[in-house]
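Novice: Okay, here's the prediction I keep looking at, along with the sequence it came from:
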Amino acid sequence: MRVNSFPILVLLVSHLLICTNGSSQENWKLFATTNSGIGSDQIEDIVIDNKGAIWVAGFTKLSRYNGLVWTVYDIPGHANDLELRLNGNLLIATTKGLYEFDTENYTLSSHLNIGIPGNHLECVAENSKEQIWVGYTVGTQKIAFYDGLNWSVEFPNTASIGTTVYSMDCFGDEMWAGLGSSLLHHNGNSWEIFDNGNSQLSGGLVAEVKCDKNGKVWIGTLRGTISQNFGRLITYDQTDWIVIDELDCNALLDGVCAIEPNDSSYWFTSYWNGFVNSNLGTYTFFDETNTIIPNDYAISIATDNSNNVFMGTTAGLVVYNSDTINIDAYKYENVFQFYPNPVRHQLFVTFSLNEAQEIGLSFYGSNGSIAKQVKYDCESGRNQIELDVSNLSRGTYLLRFAYDDISSTRKIIIM
């Protein structure tokens, strides 16, 4: 999730730390616009899809990394939050509305904006029924709900609670959200509200809400405007509240704005102080003094099934693995992919071949006739072709990719 510039009172605190440094530089990799094809240096959110590809949102760019190359897609508005749907698509919450990105065909759709109560979205979550919740930063509504057919305002603007929904997550058909300094829970039928009067919330802004696979809710708060309200990392299993003691590590003091709970350990971002891993009560602190992390403004985090940890900063994406970084989503990709779609001038076609051979690309118009046809001699392995389509008339075409006895056909729009 993305964190805006929250009001934070700077306070120096001295105490005993249980912290260790990060590991060797060999276990790290940095992706920035200066050394890779990533679309933005500010990494607002990170999602790993079902094939292991990494998707990151940054301003008006959606970037995808398959272990070999970065692919960048333009999106409307400032992207604030990503959600991987049960159908494999991505939901993108932006300042211009809610968009759905088809991760198989690489197309962007605005169909979810029909009837949506407002467009300036901060966060998005999907429940087990494939229904959608969104949270707002501005406007009279704060939380809206999509039942699959229609949108409705489910929680109006309440000044006494807060003005911005900073984060939300679902477990089953239940939804949890951080609104101001309060934690909101919808159990599928009704609302309940937790604050520093009836829970262990500290009065700081609830910047992160994350449900783990067992339904436990992890809450990250930022330091409040009152000096004694330190940032906190809290868990709630709907019976007991547990506060991760802020004196265990200095990184907790300013607050927590992203959490990644795992089976035997957990990660969190420490807002202005880098990233922290907790394993059996020992905290390992990663920042720009002991790693290649470009700065300590830590705003997003995710992990994959290969124990890679992806850390988002305002100056690039950092990948860490205590063993060996291994991202090979390209092995599970379709043989043939293309982008962007719609396209105006240059079309990029990517594919993998087991051996060197000739491939053919054919564009078919609406009447079935061939509008353009090209052939290429390609090497074995991963290939990418840049194709000029500016000479094709505007309209919808079928693009056929073929080699040997294998072919694949997709729909493409020329603008």
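Specialist: Right, received. Where do you want to start?

Novice: what's the burial count for the residue lying closest to D212 once chain neighbours are set aside?
Specialist: Excluding the flanking residues, the one nearest D212 by Cβ to Cβ, 6 or more residues apart in numbering is P261, at 4.3 Å. Every residue, glycine included, has its C-beta placed from N, CA and C. Neighbour count of P261, defined by other Cβ atoms under 10 Å: 19.

Novice: Could you do the one 4 residues further on as well?
Specialist: Other residues within reach of S265 by the criterion other Cβ under 10 Å amount to 14.

Novice: how near is it to D212?
Specialist: Separation of S265 from D212 (Cβ to Cβ, to the nearest Å): 12 Å.

Novice: hang on, the earlier thing: is it correct that the residue nearest to D212 is in contact with K210?
Specialist: Yes. With contact defined as Cβ atoms under 8 Å, P261 and K210 form a contacting pair (6.5 Å).

Novice: Quickly list what's touching both of those two.
Specialist: W218 (Cβ atoms under 8 Å, 6 or more residues apart in numbering).

Novice: Give me the pLDDT value at the residue located most distally from the centre of the chain.
Specialist: Ranking residues of the chain by C-alpha distance from their mean position (Cα atoms, centre = their mean) puts S369 at the top, at 41.3 Å. The per-residue pLDDT reported for S369 equals 88.

Novice: How about the backbone phi and psi for it?
Specialist: Dihedral angles of S369 (phi, psi; degrees, to the nearest 10) stand at phi -80, psi 160.

Novice: Quick check: the gap between it and I359.
Specialist: Applying Cβ to Cβ, the value for S369 to I359 is 21 Å.

Novice: again, but for N198
Specialist: From N198 across to I359, the span is 64 Å (Cβ to Cβ).

Novice: Which one of those two is surrounded by more residues?
Specialist: I359 (21 against 10).

Novice: Tell me the spacing between that one and R410.
Specialist: In terms of Cβ to Cβ, I359 sits 15 Å off from R410.

Novice: For F348, give the beta-bridge partners.
Specialist: Y339, E386 (DSSP bridges).

Novice: Would you state the strands of the stretch 51-200 of the chain in chain order?
Specialist: Ranges of strands in the stretch 51-200 of the chain, per DSSP state E, counting those that start in this stretch, are 54-65, 70-84, 90-94, 97-102, 107-109, 121-126, 132-136, 141-146, 151-156, 165-171, 174-179, 182-186, 191-194.

Novice: Between these, which one is closest to I327.
Specialist: Nearest to I327 among these is strand 54-65 (6.9 Å), distances taken as Cβ to Cβ.

Novice: Next, the angle strand 70-84 makes with that closest one.
Specialist: Strand 54-65 and strand 70-84 meet at an angle of 160 degrees, taking axes from the mean of the first three to the mean of the last three Cα atoms, to 10 degrees as the criterion.

Novice: I'd like to check the angle between strand 54-65 and strand 90-94, please.
Specialist: Comparing the axes of strand 54-65 and strand 90-94 via the same axes, to 10 degrees yields an angle of 100 degrees.

Novice: Run the chain-centre distance for strand 54-65.
Specialist: Relative to its parent chain, strand 54-65 has a centroid offset of 8 Å by Cα atoms, centre = their mean, to the nearest Å.

Novice: Same question for stretch 94-109.
Specialist: On Cα atoms, centre = their mean, the centre of stretch 94-109 falls 13 Å from the chain's centre.

Novice: Show me the contact partners of that stretch.
Specialist: Contacts for stretch 94-109 (Cβ under 8 Å, 6+ apart): 49, 53, 55, 62, 71, 73, 75-80, 85, 88-92, 110-113, 116, 119-121, 124, 132, 134, 334, 337-341, 410.
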